[in-house]
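Student: fold the following.
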Amino acid sequence: MVNKIVTLLMVVILSLPIGIVNAEEQKLVQGGLSTSEAIGGGAGGVAGFGAGTAGAIATISTAGTAGLSGAGIMSGLTAIGAVVGGGAVAGVVVVSAGVVVVTGAGVYGGYHLARWLTTKG
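Tutor: Numbering: from 1, shown residues only. Sure thing, here's the model as predicted:
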């Protein structure tokens, strides 16, 4: 039962940023997105991906045996996966979901920052 709930939760978490990105991409295709908004969203996505990846690496290295050796990575993923009732594979899903969420937030924030700057300037 716990695994089904975790799987459903991961599907929902992973689909939220994808929906945001798809909505903004649809505006670009239809011509409703300005160049500065597209660049802002792209830059925000790159920044979000970098921040999410750095956070994932830091979390993995500190969650289990300290370090980024093979044993350190596996123990970190296992410790993270244990939070949701799984093992190392569940840890990979949790860490990946975190990176996707932060990337989506970066796209969303970058787009809205560029939009705000163009309307204020």
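
Student: before we move on, what SS does the residue sitting nearest the centre point of the chain have?
Tutor: For the chain, V100 is the residue whose C-alpha lies nearest the centre (Cα atoms, centre = their mean; 2.1 Å). Under DSSP: H, G, I helix; E, B strand; the rest coil, V100 falls in the helix class.

Student: could you point out which element follows the lowest-mean-pLDDT helix or strand in the chain?
Tutor: Here the helix or strand of the chain ranked lowest by mean pLDDT, DSSP states H and E is helix 2-30, holding a mean of 59. Per DSSP states H and E, helix 2-30 leads on to helix 35-63 as the next helix or strand towards the C-terminus.

Student: what's the mean pLDDT across that following helix?
Tutor: Across helix 35-63, the average pLDDT comes to 89.

Student: tell me how far it is from the chain's mean position?
Tutor: Mean C-alpha position of helix 35-63 versus that of the full chain (Cα atoms, centre = their mean, to the nearest Å) differs by 7 Å.

Student: list the buried ones in the helix or strand following it?
Tutor: The C-terminal neighbour of helix 35-63 among helices and strands, as given by DSSP H and E, is helix 70-83. Using 16 or more other Cβ atoms under 10 Å as the test for burial, helix 70-83 gives 72-81. Quick note: C-beta positions are derived from backbone N, CA and C, even for glycine.

Student: quick check, nearest of these to A114?
Tutor: Minimum distance to A114 across those is 33.8 Å, recorded for I80 (Cβ to Cβ).

Student: pull the contacting residues for that closest one.
Tutor: I80 sits next to 59-60, 63, 90-91, 94-95 when contact means Cβ atoms under 8 Å, 6 or more residues apart in numbering.

Student: swap in 6 Å and give it another go.
Tutor: 63, 91, 94 (Cβ atoms under 6 Å, 6 or more residues apart in numbering).

Student: and if you look at E37?
Tutor: Counting by Cβ under 6 Å, 6+ apart, E37 touches 111, 114-115.

Student: filter these down to the ones in helices?
Tutor: Residues of those located in helices (DSSP state H): 111, 114-115.

Student: among those residues, who's most crowded?
Tutor: When neighbours are counted by other Cβ atoms under 10 Å, Y111 leads the ones in helices among the contacts of E37 with 26 neighbours.

Student: good, wrapping up.
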